[in-house]
Every structure is written in structure tokens, then in C-alpha cells.
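Novice: 3D model of this:
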Amino acid sequence: MAVGSRTSRTQLAKIGVMNVFSFEDKVVVVTGGSSGIGRATAVAFARTGAKVVIADIKEEGGQQTVELLKDAGGDGMFVHTDVSHEADVATLMDEAVETYGASITPSTTPDVN
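Specialist: Below is the predicted model:
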């Protein structure tokens, strides 16, 4: 079976491809996750089984992303974070570890205004 752009997740699972993309039991931190590429990245990780921590300065968008994660069957949380402030980043990581444990996989996306 050729794997092309029209191949479904079910077809990929049958040939074992989806196992390559599993983030089950992993925690991913997505900066800039309140919209755009960051939001899409967060949802994609949630669909592969990751617990996703959204870090952004935009609270409303961050909370909306968490709801999208849950709608996609995933788990996630939002932490208000300005990545230009070291203390905010330390708080982000502390909250992520406190909530989900020590296995953190960072994913950085740009926040373009």
C-alpha cells in the first residue's frame, strides 16, 4: 500500500505507521499555543496521545486551545507565560512537572502578531 496524502489514519494504523507518531505518556510544552501554528501543533500532539501544556501570553486563546485538546480526546493545561521573562518560564516548567511529571518535551513555535 502506498502511503499518500489521502491515506487515512485507520489505514496507517493497520500498517503500523501510527505507532511511529505516538506520544502516549509524554508531556509536550507548546509555546505560542493560543492560536495559529502553535494551536495546530498542540492539537496534533494531543491526537497522538501527549499531555499538552500551552504556554502563551494570551489567556483566552490558551484556554480555547485547551478545550480543543479535550475535544480531540487529549489532555492539556494552560499556563500564562511570557517566554521573554525567565521567571515565567521557570513557573511554566514547575507547573508542568507538578501536574504531569518529569518527562517534558518542549516544542517551540513563533508567536507572530
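
Novice: what's the helix or strand for Glu60?
Specialist: helix 59-71 (DSSP states H and E).

Novice: could you pull out the strands for the protein?
Specialist: 27-31, 51-56, 75-80, 104-108 (DSSP state E).

Novice: Turn those into CSV, including mean pLDDT, distance to Thr41 and mean neighbour count.
Specialist: All C-beta atoms are positioned from the backbone trio N, CA, C, and that covers glycine. Below are these laid out as CSV (pLDDT from 0 to 100; distance: least, C-beta to C-beta, whole Å; neighbours: other C-beta atoms under 10 Å):
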stretch, mean pLDDT, distance to Thr41, mean neighbour count
strand 27-31, 94, 5, 25
strand 51-56, 96, 9, 29
strand 75-80, 97, 12, 20
strand 104-108, 57, 6, 15
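
Novice: which stretches of this structure have low pLDDT?
Specialist: For the chain, residues meeting the criterion pLDDT under 70 lie at 1-21, 102-113.

Novice: longest helix in it, by residue count?
Specialist: Ranked by number of residues, the top helix in the chain under DSSP state H is helix 86-100.

Novice: Dump stretch 83-91 to PDB, keeping only the CA atoms.
Specialist: The C-alpha coordinates for stretch 83-91 follow below in PDB (Å, rounded to 0.1, in the frame of the first residue of the first chain):
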ATOM      1  CA  VAL A  83       8.900  33.500  27.300                       C
ATOM      2  CA  SER A  84      11.000  36.700  27.400                       C
ATOM      3  CA  HIS A  85      10.800  36.500  31.200                       C
ATOM      4  CA  GLU A  86      12.900  33.800  32.800                       C
ATOM      5  CA  ALA A  87      10.700  33.600  35.900                       C
ATOM      6  CA  ASP A  88       7.700  32.900  33.800                       C
ATOM      7  CA  VAL A  89       9.500  30.100  32.000                       C
ATOM      8  CA  ALA A  90      10.600  28.600  35.400                       C
ATOM      9  CA  THR A  91       7.000  28.800  36.600                       C
END
